[in-house]
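Student: No letters, just coordinates:
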């Protein structure tokens, strides 16, 4: 692949994003492309901890705090996963990305 490629799937919960990520990754891998599948929130170790906080009903955090937790997750996700994969000229397919926080 000449240029790195980043693809994100967006949609409401249970709309089939993860299934589409899996299908596309399998297709591209059969065509001998190197693919990195990832997700938000939770694409890193820190992100997994943040996801637990966000999904815990007892958290009772403010909406602005929730927003900043999503941003913290994204910052780590980009630094630890996406940037490195794109620099290695891999195709990155993400189950959600920045559109999910608009």
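Tutor: Cool, got the structure. Everything numeric here is computed off the predicted structure, so don't read it as measured data.

Student: Quick check: bridge partners of the most centrally placed residue in the chain?
Tutor: The residue lying closest to the centre of the chain (Cα atoms, centre = their mean) is residue 39, at 2.7 Å. Beta-bridge partners of residue 39, counted by DSSP bridges, are residue 95.

Student: looking at it, it is touching residue 96, isn't it?
Tutor: Yes - counting by Cβ atoms under 8 Å, residue 39 touches residue 96, with 6.3 Å between them. Just so you know, the C-beta spots here come from the backbone N, C-alpha and C atoms, and that holds for glycine as well.

Student: ok, the residue nearest to the centre of the chain - contacts?
Tutor: Neighbour list for residue 39: 18, 21, 94, 95, 96 [criterion: Cβ atoms under 8 Å, 6 or more residues apart in numbering].

Student: Mind doing that once more with 10 Å?
Tutor: Contacts for residue 39 (Cβ atoms under 10 Å, 6 or more residues apart in numbering) come out as 8-9, 17-18, 21, 47, 51, 77, 81, 93-97.

Student: Can you lay out the residues you listed as TSV showing neighbour count?
Tutor: Formatted as TSV, the contacts of residue 39 follow (neighbours: other Cβ atoms under 10 Å):
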residue	neighbour count
8	19
9	20
17	19
18	14
21	21
47	25
51	19
77	23
81	20
93	23
94	23
95	21
96	22
97	21
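
Student: Just the ones in helices from those, please.
Tutor: 17, 18, 21, 47, 51, 77 (DSSP state H).

Student: how close does the closest residue to the second one other than its chain neighbours get to residue 63?
Tutor: To tie it back to what came earlier, the one meant is residue 18. Residue nearest to residue 18 in three dimensions, not counting chain neighbours: residue 95, with 5.2 Å by Cβ to Cβ, 6 or more residues apart in numbering. From residue 95 across to residue 63, the span is 23 Å (Cβ to Cβ, to the nearest Å).

Student: hmm, back to that, of the contacts of residue 39, which is the nearest to residue 33?
Tutor: Closest to residue 33 out of the contacts of residue 39 is residue 93 (10.4 Å), distances taken as Cβ to Cβ.
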